[in-house]
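> need the 3D shape of this:
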Amino acid sequence: MTVETDEYSSVRRRLIFRDALTFLSLVLVTVVLFLITLFLFRSFAAHREELAKRWSGRGAASLASGHPDQAIFALRTALSYAPGERSYELLLARALGDAGHTEESYNYFLSLWETQPGDGLINLNLARLAAKKNDFQTAVNYYRASIYGTWEGDGTVRRREVRLELARYFIAHHRLGSARNELLIAGGNDANDPALAFRLAQLLEQAGDPADAQANYDKVLMQEPDNQAALIAAGRLRYQTGDFDAAHRLLERASREAKSADKGLAQEPPMVETMLTDSSRILALAPSKRIPNNERVTRILRVRSIAKSRFQSCIAQVSSSGDAISSLQSLTTAWASKEASLGRKALLDDAAAQEATMKLVFDTEVQTSNVCGAPSGDDAMLALLARSPKAMEP
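Below is the predicted model:
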């Protein structure tokens with residue numbers, strides 16, 4: 001009986017050991033299979049990720065090199081390996097727009113906007129696409145949403161650049177008041193950047209705000225007094241607004257900078273030399289109230305003689321046309337009056353007579369230009385001076 005019991009126990013132990021060994025073997029096989037599967041899965045996922053990066057890189061390169069159609073194929077392939085990757089979707093939406101698929105691009109960005117309506121970049125792209133579709137108000141709305149949206153990186157700079165782009169959009173649509181508002185706000189955000197001040201000045205000129213444009217050019221020159229581009233731009237603007245004295249000073253400085261061998265700057269544009277020469281001649285002719293009275297009267301007599309010759313030449317030119325002569329009737333009457341022939345002594349003692357004579361000179365140059373065409377020589381200089389807002393200023 002004891003022998004049978006021992007034999008039974010021995011068999012039982014062998015069975016338990018075999019079952020435990022079998023179970024352990026199954027566990028080990030399962031673990032090995034799991035590890036192999038995990039390795040293969042991760043290898044496959046890494047391969048898919050690598051392919052997605054490779055195709056997205058190709059897409060970005062094609063987009064940067066101006067081949068959006070190739071970029072579309074590459075980026076769609078990248079998204080097939082990495083569905084929902086936001087950076088790839090943004091690139092694809094841009095590529096669609098660059099390839100001329102405006103509506104498809106717009107809808108793609110719109111679907112991205114629905115998940116992130118405050119994203120500055122998405123709103124900016126929607127604004128540009130709306131502008132392409134000639135949807136003015138929608139474009140403006142998206143531009144403003146972009147300005148006040150969230151940005152990765154330096155949000156202040158990005159918002160300012162969007163504001164400048166919006167200003168250019170307003171200028172293109174002749175909304176000059178709105179453009180000026182955006183530009184002045186952009187300028188207030190970084191008052192000590194000469195490069196920004198120069199850009200603002202150029203845009204403010206386009207927006208019909210020469211005063212603020214000049215203030216920004218002056219801001220550049222305060223920090224960079226030898227900035228040739230700013231000297232030329234500021235001088236040109238002063239010239240166009242009739243401040244020939246300031247224009248001459250600025251353009252002379254620009255010319256010196258251009259000819260400076262040490263700095264190796266390129267020769268100034270031809271228009272600089274023209275404006276410099278013209279402003280110099282205008283200053284020589286202009287009877288400014290800042291010069292001594294004796295010299296002022298000398299100049300008044302000189303320009304009166306020039307204007308009278310221009311009037312007589314114009315009358316002779318249009319003598320066959322009754323309509324043209326009638327348009328000069330007021331000048332004919334003015335030149336026939338005794339005030340038009342006052343001598344030096346009378347003018348020296350009468351400031352009002354000086355003003356009246358200069359008014360006649362300016363009226364003559366403007367009206368004869370309208371009737372007889374653009375003048376030349378000193379008449380052209382006097383016509384410029386006559387149209388200057390500063391013509392009759394002290």
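
> is it true that residue 382 touches residue 365?
Yes. With contacts defined as C-beta atoms under 8 Å, residue 382 counts as touching residue 365 at a distance of 4.7 Å. The C-beta positions use only the backbone N, C-alpha and C, and glycine is treated the same way.

> what sits in contact with each of these two?
Both residue 382 and residue 365 are in contact with 307, 375, where contact means C-beta atoms under 8 Å, 6 or more residues apart in numbering.

> could you look up the SS state of residue 153?
With DSSP: H, G, I helix; E, B strand; the rest coil as the basis, residue 153 sits in coil.

> that one: what's it in contact with?
Residues in contact with residue 153 (C-beta under 8 Å, 6+ apart): none are found.

> how far away is it from residue 159?
Applying C-beta to C-beta, to the nearest Å, one obtains 11 Å for the distance of residue 153 from residue 159.

> same question for residue 246.
Residue 246 sits 35 Å away from residue 159 when distances are taken as C-beta to C-beta.

> now residue 209
If you measure residue 209 against residue 159 using C-beta to C-beta, the figure is 22 Å.

> more neighbours: the two, which one.
For residue 209 versus residue 159, neighbours defined as other C-beta atoms under 10 Å are more numerous around residue 209 (21 against 18).

> give me the number of residues near the closest residue in space to that one that isn't next to it in sequence?
Using C-beta to C-beta, 6 or more residues apart in numbering and skipping the chain neighbours, the partner closest in space to residue 209 is residue 180 (5.0 Å). Residues lying near residue 180 (other C-beta under 10 Å) number 20.

> SS state for residue 180?
In three-state terms, and counting by three-state DSSP, residue 180 is helix.

> surely it touches residue 212?
Yes. Shown here, residue 180 and residue 212 form a contact pair, counting by C-beta under 8 Å, at 7.2 Å.

> quick one: residue 386 from residue 100, how far?
Spatial separation of residue 386 from residue 100 under the definition C-beta to C-beta is 51 Å.

> show me which of these two is the more surrounded one.
In this comparison of residue 386 against residue 100, neighbours counted by other C-beta under 10 Å, the higher total goes to residue 386 at 21 against 12.

> residues in contact with that one?
The contact partners of residue 386, by C-beta under 8 Å, 6+ apart, come to 361-363, 365-366.

> from those residues, which would you call buried?
Using 16 or more other C-beta atoms under 10 Å as the burial test, those include 361-363, 365 as buried.

> return the member of those residues nearest to residue 58.
Minimum distance to residue 58 across these is 65.8 Å, recorded for residue 365 (C-beta to C-beta).

> quick one: pLDDT of residue 155?
What the model reports as pLDDT for residue 155 is 82.

> how about residue 345?
The pLDDT attached to residue 345 in the predicted structure is 91.

> part of a helix, is it?
Yes. The secondary structure assignment for residue 345 places it in a helix, going by three-state DSSP.

> how close does it sit to residue 332?
26 Å.

> what about the strands in the chain?
Taking DSSP state E as the test, none of the chain falls into strands.

> can you give the domain ranges for it?
As assigned by automatic domain parsing, the chain contains the domains 46-100, 295-387.

> show me the contacts for the closest residue to residue 356 other than its chain neighbours.
When the adjacent residues along the chain are set aside, residue 356 lies closest to residue 339, with 5.9 Å between them (C-beta to C-beta, 6+ apart). Neighbour list for residue 339: 353, 356-357, 360 [criterion: C-beta under 8 Å, 6+ apart].

> again, but for residue 207
Listed by C-beta under 8 Å, 6+ apart, the contact partners of residue 207 are 167, 170-171, 176, 179-180, 183.

> show me where pLDDT drops low in the stretch 51-200 of the chain?
Flagging of the stretch 51-200 of the chain using pLDDT under 70 yields the residue ranges 52, 84, 189-191.

> related to what we said a few turns ago, between residue 180 and residue 212, which contacts overlap?
In terms of C-beta under 8 Å, 6+ apart, residue 180 and residue 212 are both contacted by the residues residue 204.

> my guess is residue 247 contacts residue 238, does it?
Yes. Counting by C-beta under 8 Å, residue 238 is a contact partner of residue 247 at 3.8 Å.

> just the helices from the stretch 201-350 of the chain, written as ranges.
With DSSP state H, counting those that start in this stretch as the definition, the stretch 201-350 of the chain shows helices at residue ranges 210-223, 228-240, 244-258, 270-285, 293-317, 322-327, 329-336, 344-348.

> closest one to residue 370 among those helices?
Proximity of the helices of the stretch 201-350 of the chain to residue 370 was assessed by C-beta to C-beta; the nearest stretch is helix 322-327, lying at 7.8 Å.

> nearest to residue 377 among the buried ones among the contacts of residue 386?
For residue 377, the closest of the buried ones among the contacts of residue 386 turns out to be residue 365, at 11.6 Å, with distances computed as C-beta to C-beta.

> is the closest one in contact with residue 311, as I believe?
No. With contact defined as C-beta under 8 Å, residue 365 and residue 311 do not form a contacting pair (9.1 Å).

> circling back: among the contacts of residue 386, which two are most distant?
Farthest-apart pair in the contacts of residue 386 is 361 and 366; separation 9.9 Å (C-beta to C-beta).

> any idea of the mean pLDDT for stretch 327-337?
87.

> excluding residues flanking it in the chain, which one is nearest residue 325?
The shortest distance from residue 325 to any residue other than its chain neighbours is 5.9 Å, reached at residue 318 (C-beta to C-beta, 6+ apart).

> start to end distance for stretch 164-178?
Distances were taken as C-alpha to C-alpha, to the nearest Å; on that basis the terminal residues of stretch 164-178 are 12 Å apart.

> got a list of contacts for it?
124, 127, 131, 136, 139-140, 143-144, 147, 179, 182-183, 186, 199, 203, 206-209.

> tabulate the buried ones among the contacts of residue 386 (TSV), appending distance to residue 78 and pLDDT.
Compiled in TSV, these are given as follows (distance: C-beta to C-beta, whole Å; pLDDT from 0 to 100):
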residue	distance to residue 78	pLDDT
361	74	94
362	70	93
363	72	93
365	69	93
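
> perfect, that will be all.
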